[in-house]
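A.B. asks: no sequence on this one, just coordinates:
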């Protein structure tokens with residue numbers, strides 16, 4: 001195979017890398033409500049968003065921490081994942097070779113202690129199966 005044709009095998013990876021980096025850049029900020037101190041939050045169930053129109057498969061996951069009493073958004077963090085192009089899926093378990101393949105909001109609070117540092121109380125999500133405990 002000619003060395004001129006080699007980049008064509010990875011063209012989806014090359015374009016996908018730039019698309020993924022842009023997706024990461026656009027979703028890197030953590031949102032924290034101005035009146036978040038003293039509130040109690042839980043992680044709301046939020047579906048994964050499939051990103052369409054990209055050269056490699058990408059998904060975006062939004063973590064929405066909402067107020068237990070009002071359901072208002074208090075903290076939002078996002079993370080993204082990308083798969084490799086067709087060649088990588090075929091021969092190398094689908095991981096991209098030109099980028100990490102994962103990214104997330106910087107400084108997203110993690111666990112009870114991460115929220116405590118913000119003056120927010122984190123609790124487990126309410127049981128929504130209808131059972132009274």
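C.D. replies: Good, I have the coordinates. Here the structure is a predicted model, which is why all the values come from computation and not from measurement. Numbering: from 1, shown residues only.
A.B. asks: what's near enough to touch the most centrally placed residue in the chain?
C.D. replies: The chain has residue 79 as the residue nearest its centroid, 1.5 Å off, counting by Cα atoms, centre = their mean. Going by Cβ atoms under 8 Å, 6 or more residues apart in numbering, residue 79 touches 27, 60-61, 63, 102-105. From N, CA and C alone the C-beta is placed, and that goes for glycine too.
A.B. asks: what do you get for residue 116?
C.D. replies: Contacts of residue 116 (Cβ under 8 Å, 6+ apart): residue 122.
A.B. asks: please, where are all the helices along the protein?
C.D. replies: 6-9, 11-26, 86-91, 111-116 (DSSP state H).
A.B. asks: where does pLDDT dip in this structure?
C.D. replies: When residues are selected by pLDDT under 70, those of the chain lie in 1-8, 86-94, 97-98, 128-133.
A.B. asks: now the helices of the chain in TSV, with distance to residue 127?
C.D. replies: Output for the helices of the chain, formatted as TSV (distance: least, Cβ to Cβ, whole Å):
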stretch	distance to residue 127
helix 6-9	50
helix 11-26	34
helix 86-91	39
helix 111-116	19
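A.B. asks: closest one to residue 71 among these?
C.D. replies: Closest approach to residue 71 among these (Cβ to Cβ): helix 111-116, 17.3 Å.
A.B. asks: gap between the closest one and the chain center?
C.D. replies: 19 Å (Cα atoms, centre = their mean, to the nearest Å).
A.B. asks: and for stretch 114-124?
C.D. replies: Distance of stretch 114-124 from its chain centroid, counting by Cα atoms, centre = their mean, is 20 Å.
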